[in-house]
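1. Sequence below, structure please.
(one chain, ligands or ions: 1)
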Amino acid sequence: MQIDIQNLNKKYNARQVLFDINLSINLDSKIIGLVGPNGAGKSTLMRVLSGVLLPNSGKIKLNDADKKLEYIQWALKNTLYVPAGERGLINRLSLVNNFRYFCGLKNVNYKKGLSYFESMAQTLEMENLINRDYDQMSTGQKKSAALLNALALKTKLILLDEPSNELDIDAQDGLKHVLNLTKNKGNQKVLVSSHDVNLLTSVCDGYVFIREGHIIAKLDSPASHEDLINLYHQSFKKEG
Ligand SMILES: Nc1ncnc2c1ncn2[C@@H]1O[C@H](COP(=O)(O)OP(=O)(O)OP(=O)(O)O)[C@@H](O)[C@H]1O
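-> Model prediction:
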C-alpha cells in the first residue's frame, strides 16, 4: 500500500508554503526523515498528510485495493500527527485515559490495545506515569507520553514533529529504541521531522529533503552522521 502525493500546493491565506509536491510514501515499516531548514514546510506537509489541514490544490491518493476510500477518510483513522512542543494530548486526562480517548477517535479497541500500551509504557520506562494527568507532566514527559500514545494506537502512519526536543539523555535513548522497535514489529510507518542528526541517523532508513516548500532531494537508504551533514550542506547551500 502506498500514498501518492500529486502536485500538491498549500497556502496559508495568500502565503504559499508548499509548491507542487510530488512524493510517494510506501507504507512499509521504515522510518523516513523529513529534513529541511526552519520554515521549509515540514510541519505543514505532515499536517496535510494527517488530514488535519487540507491542501489548496493537488491530490493525495491511496494506492490500494480499496480504491473507494478517500485519502482524508483513511488518514483520519490511520494516521496520527504528534506535534512539536507540548500540545500532543488532552490536558486534564491521565495518559491512560488519553489513550482511551484516542482509541475512540481512531476506532481502536481500547481493551485489546491496553496490554500493548502497557508494554510500550514499560519499554519507554513510563509505567509510573500512565495515571498522571498530561498537564502535570514535565515538558519531556509530555513528549514521551504523546509518542507512547501514538505507538500504542498502532496507526499505520505516525507523523512525528521534532520528537527529541526537550528529552533528557535517557529519554532520547528510549525514543531511538522504540522507533527501532517499530521497524521490527512491522506495521507502522514513521515520518519524522527533526533537526537532530543523531536521532535521524540512528533510526532513519531514508530521507526527504525539503526547502522553501519544494522537495529537492530524496535518499532511499540510511546515512551516517557525516554523510547526512554533508548532504544537508549540499542540499541547503546558500546561493550567492
Ligand atoms: N498557521 C499558519 N499561518 C500562516 N503561516 C504559517 C502557519 N503555519 C506555518 N506558517 C508558515 O509556513 C511556512 C512553513 O512552516 P512549517 O511550520 O511548515 O515549517 P517547518 O519546516 O516545520 O519549520 P521548523 O523547522 O521551524 O519547525 C513558514 O514560513 C511559516 O511561517
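
2. and the next element down the chain from the worst-scoring helix or strand of the chain on mean pLDDT?
-> Least confident helix or strand, the chain: helix 169-185 with a mean of 82, by mean pLDDT, DSSP states H and E. Going down the chain from helix 169-185, the next helix or strand is strand 189-193, by DSSP states H and E.

3. Can you identify the element that follows that next one toward the C-terminus?
-> Using DSSP H and E, the first helix or strand after strand 189-193 is helix 197-203.

4. Show me which residues of that following helix are buried.
-> 197, 199-203 (16 or more other Cβ atoms under 10 Å). C-betas here are computed from N, CA, C, even on glycine.

5. before we move on, the earlier item: quick one: work out the angle between the least confident helix or strand of the chain and strand 189-193.
-> Angle, helix 169-185 to strand 189-193, by axes from the mean of the first three to the mean of the last three Cα atoms, to 10 degrees: 150 degrees.

6. Touching helix 169-185 from outside, list them.
-> 29-31, 120, 123-125, 140, 143-144, 147, 151, 158, 163-164, 167, 188, 190, 192, 198-199, 202-203, 205 (Cβ atoms under 8 Å, 6 or more residues apart in numbering).

7. hmm, back to that, can you list the buried residues of helix 197-203 in JSON lines and add pLDDT?
-> What follows is these, written out as JSON lines (pLDDT from 0 to 100):
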{"residue": "V197", "pLDDT": "96"}
{"residue": "L199", "pLDDT": "96"}
{"residue": "L200", "pLDDT": "97"}
{"residue": "T201", "pLDDT": "97"}
{"residue": "S202", "pLDDT": "96"}
{"residue": "V203", "pLDDT": "95"}
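
8. For the nearest residue to F19 once chain neighbours are set aside, the count of nearby residues, please.
-> Closest residue in space to F19, ignoring its immediate chain neighbours: G213 at 4.5 Å, by Cβ to Cβ, 6 or more residues apart in numbering. Using other Cβ atoms under 10 Å, the number of residues around G213 comes to 21.
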